[in-house]
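A.B. asks: Output the structure for:
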Amino acid sequence: MIIELTPELKYVLELRHSKVRDGYEHDRIKAVFLHAKGWTIIMIAQALLVHESAISHQLNDFIN
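C.D. replies: Numbering: from 1, shown residues only. A predicted model of the protein is given here:
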């Protein structure tokens, strides 16, 4: 699963990240950005202090 972010989508996600107060959604946006930069699910999970399955679910939610 590869996520490619257009400049427009990056802007929308950054704006959403700055406005939303839900920690789950913050982590999901961070996971998407990091995955688009080439980070593995394991690396993202370690950085965000969550389980790898949580990152997989967050990325799948974003794609869907």
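A.B. asks: just the helices in the protein please.
C.D. replies: Counting by DSSP state H, the segments of the chain that form helices are 7-19, 23-36, 41-48, 52-63.
A.B. asks: from the ones you listed, which stretch is densest packed?
C.D. replies: Ranked by average neighbour count under the criterion mean count of other Cβ atoms under 10 Å, the helices of the chain are headed by helix 23-36 at a mean of 18. All C-beta atoms are positioned from the backbone trio N, CA, C, and that covers glycine.
A.B. asks: Quick one: list the elements packing against that helix.
C.D. replies: The elements that helix 23-36 packs onto, with contact taken as 3 or more Cβ pairs under 8 Å, 6 or more residues apart in numbering; DSSP states H and E, are helix 7-19, helix 41-48, helix 52-63.
A.B. asks: Residue 17: what's it in contact with?
C.D. replies: Remark: with contacts taken as Cβ atoms under 8 Å, 6 or more residues apart in numbering, residue 17 is in contact with 26, 29-30.
A.B. asks: Give me the below-cutoff pLDDT ranges for this structure.
C.D. replies: 1 (pLDDT under 70).
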